[in-house]
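J.: Next come a sequence and a model predicted from it.
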Amino acid sequence: MAEEAAPRRHRRGRRTALLICTAAVLGLVAGTCTGYLVQADREPTKLPSLAQPLLAPAEGEAPKRLPASQDRRVRTDGDLRELLLKKPRGTKDAEWLEGADGWMDLATYAETYVRPGDEFEQQLKDEFRRAAVTAWDSGTYSVEIRLVQFRQEEVLAAAESSSQAQYWVMDDPDAEGSPIPGTGEGMVFAFAEPETEAGYEPVYNAQAHARRGDIVMEIWVTGAKPVGKKMIMDLAKRQMERL
């Protein structure tokens, strides 16, 4: 025997709702017509004057605009390469820097990280704008300085970038850190022990990380001899002064 079909549920209140809606529409139309008739018999209301009393001018002279030499925004929006430290006399440009024209594009910058693909994507999210770079070799030490600038329209990435760089360095127990005066949270790090790799000479290194406004400063010094903290600190202080 076939099973009986389940009873269908009725849509409760459908007819009542239609009646209520019809009544509401008729009431609205009637009210609108009455309002027009009442308004038509009234005298037009005068609008207030648009003219407003003038404010009294402020006393004293208006502040003068800063000259370009003192306006940090003017300098940092210009050629970022001009803010880099100049190559010292007696040194030569790093070989890999030839042809770079002082700029490091996003793809090249991402290649300096352990996971370039992930870093490329992260830098896009962080609104990477541009990076200027200089590097030289003194025979004993090699120095590389980068100025990385962010747009900071949606994300304040400069502070986060500098903080993250310092975090990873401090995770190394051999790192000896010292604050860079006048930079807030800027730090230099010198390593007492060299990095070793099979087939290569041991390499000593030091780093500096700081930021000013939307620009992050990154400095690396490497050499066959220990890099003194005084050396990396001097470079960091002079570079930050140029910002």
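T.: It's in.
J.: Please, where are all the helices along the protein?
T.: Taking DSSP state H to define them, one finds helices in the chain at 14-40, 72-76, 106-110, 116-125, 157-170, 229-241.
J.: List the residues that contact Met233.
T.: 178, 180, 188, 208 (CB atoms under 8 Å, 6 or more residues apart in numbering). Quick note: C-beta positions are derived from backbone N, CA and C, even for glycine.
J.: Enumerate the beta-bridge partners assigned to the first one.
T.: On the basis of DSSP bridges, Ser178 takes part in beta bridges with Val188.
J.: Can you check the pLDDT for it?
T.: pLDDT, Ser178: 94.
J.: let's number from 44 now, not from 1
T.: Okay, using 44 as the starting number, the last item reads as Ser221.
J.: wouldn't it be in contact with Ala249 here?
T.: No: with contacts counted by CB atoms under 8 Å, Ser221 stays clear of Ala249, the gap being 10.6 Å.
J.: tell me, what's touching those two both at once?
T.: Both Ser221 and Ala249 are in contact with 231, 272, where contact means CB under 8 Å, 6+ apart.
J.: The two: which is more packed in?
T.: For Ser221 against Ala249, the residue with the higher neighbour count under other CB atoms under 10 Å is Ala249, and the figures read 26 against 15.
J.: gap between Ala200 and Gln192?
T.: Look at Ala200 and Gln192: by CB to CB, to the nearest Å, they are 10 Å apart.
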